[in-house]
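> kindly return the folded structure for what I paste below:
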Amino acid sequence: MGRYLTTLRVFWIASLTAELEYQANFLIELVATAGNLVGSIFVLSLFYGRGQSLGGWSWEGALVVLGVYTLLEGITSTLLQPNLSTIVAHVRTGSLDFVLLKPIDSQFWLSARTFSPWGLPGIALGAGLIGYAAWKAGATPAPLTLLGAALMLVASLMILYSLWFVLAASSIWFVKIWNATEVLRSVLVAGRFPVSAFPAGLRAFFTFIVPVAFLTTVPAEAILGRASGPWLLAGGAVAIASVLVSRRFWQFALRFYTSASS
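Now for the predicted structure:
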């Protein structure tokens, strides 16, 4: 574990050194992220009027859901997209050979090699919106509430990572998967809203097929202190199962990888 932590530190320091040569990008990303967030809040406000709610969620509760979504988008831009999008290039050019020959786990290398600071504004804005909306909703920062919220946020990140990694690993069979990536991003946009706001069929789809409910709605309920024990256990189980599936899928996919030298 110590070797992996040291390697991770070296990876991220090198990435930051290279990325921060273009410091103006940080300000541009901050403005763009803030603009997107304002637009999302405006769209959400269209569903609320005098005495109205969205799927039984109050305005403040829906803002917590949007905050969790914004936080995950920031993490995606910081860690997931910069790393997992390169798997396609490694497969196409044959440079995956060199990754597999390194004395370190290939999934770890491919998942953590790059750290992009341009997603940090999204993380900060998402966390700020979560804190403000939860305070306005009257959520109490009890130790058990904070623990449940932290665990559900980690679980949602594990699920999100697994979805992205499985899709990226499928490039071993289908090199051009950008359309599938855009479809996944479009589906995950549904996480901006509470899952109870959708019709019954879509609620089932976003819970059991593509677990969008466990990405934003369940963590938001945990933050607000109203998540039930079964939902918390289900979120943890889905997260662990997702990571295990991504691991087994990668090992399975490597059996079909034809190296550039073969």
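> list the contacts of Y69.
With contacts taken as C-beta atoms under 8 Å, 6 or more residues apart in numbering, Y69 has the following neighbours: S40, G126, G191, R192, L215, T216. (Glycine included, C-beta is placed from N, CA and C.)
> let's see that with 6 Å instead.
Going by C-beta atoms under 6 Å, 6 or more residues apart in numbering, Y69 touches G191, R192, T216.
> neighbour-wise, which of the residues you listed leads?
T216 (29 neighbours; other C-beta atoms under 10 Å).
> confidence score at it?
We note a pLDDT of 95 for T216 in this prediction.
> that one belongs to a helix?
Yes. Per DSSP: H, G, I helix; E, B strand; the rest coil, T216 lies within a helix segment.
> that one and N36, how far apart?
Taken as C-beta to C-beta, to the nearest Å, the spacing of T216 relative to N36 amounts to 16 Å.
> swap in F198?
When C-beta to C-beta is the yardstick, F198 and N36 sit 22 Å from each other.
> quick one: which of these two has more around it?
Each of F198 and N36 had its neighbours counted (other C-beta under 10 Å), and the higher figure belongs to F198 (18 against 14).
> excluding chain neighbours, what is closest to the more buried one?
The shortest distance from F198 to any residue that is not its chain neighbour, by C-beta to C-beta, 6 or more residues apart in numbering, is 6.6 Å, and that residue is F206.
> same thing with G148?
Nearest to G148 is A222, by C-beta to C-beta, 6+ apart, at 4.4 Å.
> ok now stretch 114-123, how far from the chain's centre?
Distance of stretch 114-123 from the chain centroid (C-alpha atoms, centre = their mean, to the nearest Å) equals 12 Å.
> got it, and stretch 62-81?
With C-alpha atoms, centre = their mean, you get 6 Å for stretch 62-81.
> what's the pLDDT at S259?
Turning to S259, the model gives it a pLDDT of 72.
> contact partners for it?
Residues near S259 by C-beta under 6 Å, 6+ apart: D97.
> sec struct for it, please.
Recorded secondary structure, S259: coil (three-state DSSP).
> now do it against P117, distance only.
The spacing between S259 and P117, counted by C-beta to C-beta, is 34 Å.
> same question, L147
On the measure of C-beta to C-beta, L147 and P117 end up 29 Å apart.
> more neighbours: those two, which one.
Taking other C-beta under 10 Å, L147 and P117 do not tie; P117 has more neighbours (17 against 11).
> ok, for the more buried one, nearest residue in space, not its chain neighbours?
Of all residues beyond its chain neighbours, the one nearest P117 is E19 (5.7 Å), with distances taken as C-beta to C-beta, 6+ apart.
> just L71 next, same as before
The spatially closest residue to L71, leaving aside those adjacent along the chain, is G126, at 3.1 Å (C-beta to C-beta, 6+ apart).
> surely that neighbour and T70 touch.
Yes. Using C-beta atoms under 6 Å, G126 is in contact with T70, at 3.4 Å.
> higher neighbour count, those two?
In this view G126 and T70 are compared by other C-beta under 10 Å, and T70 has more residues nearby, 27 against 22.
> so the more buried one is in which element?
When secondary structure is defined using DSSP states H and E, the element that contains T70 is helix 59-75.
> need the pLDDT of the residue nearest to L71.
We note a pLDDT of 95 for G126 in this prediction.
> do A241 as well
97.
> number of residues surrounding it?
Taking other C-beta under 10 Å as the criterion, the count of residues near A241 is 14.
> and it, how far is that from I28?
38 Å.
> dump the residue contacts of the residue nearest to L71.
When contacts are counted by C-beta under 6 Å, 6+ apart, G126 is found next to G67, T70, L71, G74.
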